[in-house]
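With the sequence up front, the predicted model follows.
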Amino acid sequence: MRSDRIKKGIERAPHRALLYATGVTKKSLSKPFIGIASSFSSIVPGHMQMRELERFIERGVESAGGYPFIFGIPAICDGIAMGHMGMRYSLPSRELIADSIESVALAHSFDGLILLTNCDKITPGALMAAARTNIPTIIVTAGPMLSGRLRGKRLSYVRDSYEAVGRFKKGEINEEQLHCLEEEACPGVGSCQGLYTANTMDCLTEVLGISLTGSGCALAVSAKRKRLAYESGERIIDLIKENVLPRDIMNKQAFIDAIRMDMALGGSSNTVLHLLAIAQEAKVSLSLDDFDRIGRETPHLVNLRPGGDYFMEDLEWAGGIPALLNRFNDFLFERSTVSGSSIKEIAQKGEVFNNEIIRSLDNPYHKEGGIAVLTGSLAPQGAVVKQSAVSEKMKNFRGKARVFDSEEEAVKSIYEGRTREGEVIVIRYEGPQGGPGMREMLSPTATIAGMGLTESVALITDGRFSGGTRGPCIGHICPEAEVGGPIALLQDGDEIIINIPARLLNINLSEEELKKRSQNWKKPPSRVKEGYLARYSRLVGPASQGAVLK
């Protein structure tokens, strides 16, 4: 066992002395040592219930003959960090999480890992660590939140808090109604209720095969979630005995299946960043071209919020990820999962209980997948849009640029009612290097949606969009403004051409004009000059390659 290096032999007497100090018995020294990385936090709603899940994992490990050790990893709530400098830390925290797990797991020679995660960057960071350390690992996600309720209407976090701000600014609701919505939108623990980044990544973790069957959608408040935690604790011992490693599970075929299910789900555009980053750690070649190719050939079958009106609880009760896999059984690869069953065996057992929540291949919501990759004179290295949340009218759009050099400037303009129909709001210097940290733009996009402008105004950025964004919002523009990409050269009034069906994002300017502007462009001073973000800015790569550290 890997842990023998810290517990066997005469020269390890000092190591055993410290292990005894933790309460480990002599008999337990012969058991596999299991590290349980927990992202419990009492400020993150999706992680509040993890103390109980930790106990169920521990019981499972011990019942199967292992010895559990819990250690902590950081967790940031994107919703709370949104709209201010806190969001600069969200994407960079993914790297901290991966590094933390790697450091603790390898320093203590754990035989296996169970990574207890849930929200936006924590699950991707855990997957990166699993692929990097490549010791037997199971991911346990903590599950989605129940929908809110107000006067018989179901509520969700984004539409009934962030978009409600736009409705208030427009005069559709008063302050008392706004406060009612904010109190009822999130009724308790769990990740936010739609196919935002957290839940999309939880679903894709199940598709990748690195979490147990049913983990993607089981509700945070359910006993099923506790059983999955317990069973994961048991199963990790089998994986150790069989020497089943994360890179055996997360191979190229697994990533192709995950992208396909992402397209069918209409998941968050952030999954592009995360799958690219995880694939690099797993030594799998993956590119934006893979997303575009698979997206063109995969129909969109599930339409949850923000693009649709259904919730994660609806997907769970309709059969969950196994049911969706069943729809695509003929397209899936024959490959293994941590459950012991192949992905095709899981798909064959999946059953759809609601044909509207999980539509059939011949009756999709859209003929193409939820995410489209655009290129053109404004995004030579690519940009990403959640096309399943864009109306047909806005998929082909021309508009005059309104340029802002930060999210704050754009939000101030939108709040003051200065946004006009036919405009393309440009938010730049918010990329991985320029932000730094590639902030999500939920405040401006949700306000635009709340003000009823998604049919007349587009928004583009070298930053990111929340999984809760809907409307013609294009992010991840590469190269970013910080390195002098074309988005840095835009001026108010420039015509921007968006053609999602043709996968184009262009500026209506000549090459000569762009070259002239490029020669006159000067890189602005760095926003952050010290601390982690300053180091991150110097080391982070482009969004088109997953925004991983060099």
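Noted; the coordinates are in hand.

Quick check: S211 vs T141, distance?
For S211, the distance to T141 equals 6 Å [C-beta to C-beta, to the nearest Å]. The way it works is simple: take the backbone N, C-alpha and C, and place the C-beta from them, glycine included.

ok, now L549?
Distance from L549 to T141, by C-beta to C-beta: 24 Å.

More neighbours: which of the two?
T141 (33 against 16; other C-beta atoms under 10 Å).

which ones are touching A264?
298-302, 324, 327-328, 369-370 (C-beta atoms under 8 Å, 6 or more residues apart in numbering).

any idea which of those residues is the one closest to Y20?
For these, the residue nearest Y20 by C-beta to C-beta is L324; the value is 48.6 Å.

That closest one: what's its closest spatial neighbour, skipping adjacent residues?
Among residues not flanking L324 along the chain, I358 sits closest, at 5.6 Å (C-beta to C-beta, 6 or more residues apart in numbering).

Does the one you found fall in a helix, a strand, or a coil region?
Assigned with DSSP: H, G, I helix; E, B strand; the rest coil, I358 falls in the coil class.

Spit out the contact partners of it.
Contacts of I358 (C-beta under 8 Å, 6+ apart): 301-302, 315, 318-319, 323-324, 327, 352.

Can you tell me which of the residues you listed are classed as buried?
301-302, 315, 318-319, 323-324, 327, 352 (16 or more other C-beta atoms under 10 Å).

burial count for P472?
28.

Can you lay out the contacts of A264 as CSV showing pLDDT?
Listed next are those as CSV, based on pLDDT from 0 to 100:
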residue, pLDDT
T298, 98
P299, 98
H300, 97
L301, 98
V302, 97
L324, 98
R327, 98
F328, 98
G369, 96
G370, 94
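
Can you lay out the residues you listed as TSV showing distance to V540?
Formatted as TSV, the contacts of A264 follow (distance: C-beta to C-beta, whole Å):
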residue	distance to V540
T298	30
P299	35
H300	31
L301	34
V302	32
L324	33
R327	37
F328	34
G369	27
G370	26
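
Might you specify the subset of those located within strands?
Within the contacts of A264, no residue falls in strands by DSSP state E.

nearest to M85, of the residues you listed?
So of the contacts of A264, ranked by how close each gets to M85 (C-beta to C-beta), first place is G370, at 30.3 Å.

Please tell me I have it right and the closest one contacts S388.
Yes: here G370 reaches S388: they are 3.8 Å apart, a contact under C-beta atoms under 8 Å.

Name the residue in these two with the higher neighbour count.
Between G370 and S388, G370 has the larger neighbour count (other C-beta under 10 Å), namely 30 against 27.

next one: phi and psi at the residue lying closest to that one once chain neighbours are set aside?
Leaving aside its sequence neighbours, G370 sits nearest to G266 (C-beta to C-beta, 6+ apart; 3.2 Å). The phi and psi values for G266, taken as degrees, to the nearest 10, are phi 70, psi 40.

For G266, give me the pLDDT.
pLDDT for G266: 94.

Count the neighbours of it for me.
25.

and what of the one 4 residues further on?
For N270, the tally of surrounding residues (other C-beta under 10 Å) stands at 31.

measure it to M441 for me?
Counting by C-beta to C-beta - N270 and M441 are separated by 12 Å.

ok, now G72?
As for G72, its distance to M441 is 30 Å (criterion: C-beta to C-beta).

tell me the contacts of K169?
415, 417, 447, 450-451.

Nearest to G463 among those?
Set against G463, the nearest of the contacts of K169 by C-beta to C-beta is T447 (15.6 Å).

residues contacting that closest one?
Going by C-beta under 8 Å, 6+ apart, the list of residues near T447 reads 162-163, 165-166, 169, 411, 414-415.

Where helices are concerned, which of those residues count?
Among those, the members found in helices (DSSP state H) are 163, 165-166, 169, 411, 414-415.

Can you check which helix is longest in the chain?
helix 223-242.

How far off centre is that helix?
Mean-position distance between helix 223-242 and its chain equals 24 Å (C-alpha atoms, centre = their mean, to the nearest Å).

What helices and strands are in contact with it?
Helices and strands touching helix 223-242, by 3 or more C-beta pairs under 8 Å, 6 or more residues apart in numbering; DSSP states H and E, are strand 33-38, helix 50-63, strand 112-117, strand 137-141.

relative to strand 33-38, how tilted is that helix?
Put simply, helix 223-242 runs at 150 degrees to strand 33-38, going by axes from the mean of the first three to the mean of the last three C-alpha atoms, to 10 degrees.

Give me the mean pLDDT for helix 223-242.
On average, helix 223-242 scores 98.

overlap in contacts of N270 and M441?
Joint contacts of N270 and M441 (C-beta under 8 Å, 6+ apart) are 464-466.
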